[in-house]
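Here is a sequence together with a model predicted from it:
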Amino acid sequence: MTDLFQEPEDATPLEPQEREGLLQSWITHRNDLNEAEQENIVKGAAWVRGRRHMSVDRMLTGDFIRTLHRRMFGEVWQWAGRFRARERNIGLQAYRIPVELAALLADVRYWVEHETFATDEIAIRFHHRLVAIHPFPNGNGRHARLAADLLVERLNEEPFSWGSGSLSDMGELRRRYVAALQAADNHDIGPLLEFARS
């Protein structure tokens, strides 16, 4: 038995069928998986940042959200870019994902067009609701952080620092991030805004 599928307490465990979607046979330990996913995420980020002329409207589509996840995790997981089909310890019921995601994207387009909030707050509210929907079997936090970074960059601001460390570690930084998400769940967006720029 290896630690391959051992998740932090606050992470989404993979279902047995999803574990079978691992594409790389050399991955046998958690560190291998983390390394492979990180390499894929770097490639995905480079891919999307190479599309400098992509509009905010184009970014805020279900197709783009799925494509971004596939680009970030598609070399590691067969199911990358596909909405989850099973219930989780977090997130909406799976059948609600497409409708709630479409509503979120429409809300964000409205916020941007009408400058409803400051740029950082728009991106952080987008991030929080995307995590809350939890559209994919795994990688939702990393995906939502990159999506928020891309949005804030397209709105001519610097990407977020997200605590200036790796949130894949199971330490204090991750605890602060999860606490900030939980505060946002209770309608206090302040801690998440502060964490994102710390």
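Okay, I see it.

Surely Leu22 touches Val76?
Yes. Under the criterion of CB atoms under 8 Å, Leu22 makes contact with Val76 at 7.0 Å. The C-beta positions use only the backbone N, C-alpha and C, and glycine is treated the same way.

which neighbours do these two share?
Common neighbours of Leu22 and Val76 are listed as Leu33 (criterion: CB atoms under 8 Å, 6 or more residues apart in numbering).

Who has more neighbours out of the two?
Remark: of Leu22 and Val76, Val76 carries more neighbours, 22 against 18, as counted by other CB atoms under 10 Å.

residues in contact with that one?
Contacts of Val76 by CB under 8 Å, 6+ apart are 22-24, 27, 33, 36-37, 40.

Mind checking the pLDDT average for the helix or strand encompassing Asp107?
Element membership for Asp107 (DSSP states H and E) is helix 97-114. For helix 97-114, the mean per-residue pLDDT is 98.

do stretch 125-139 as well
For stretch 125-139, the per-residue pLDDT averages 97.

for stretch 175-192, same thing?
Here the average pLDDT along stretch 175-192 is 96.

what comes up buried for it?
Residues 176-178, 180-181, 183-184, 189, 191-192 are the ones in stretch 175-192 that count as buried (16 or more other CB atoms under 10 Å).
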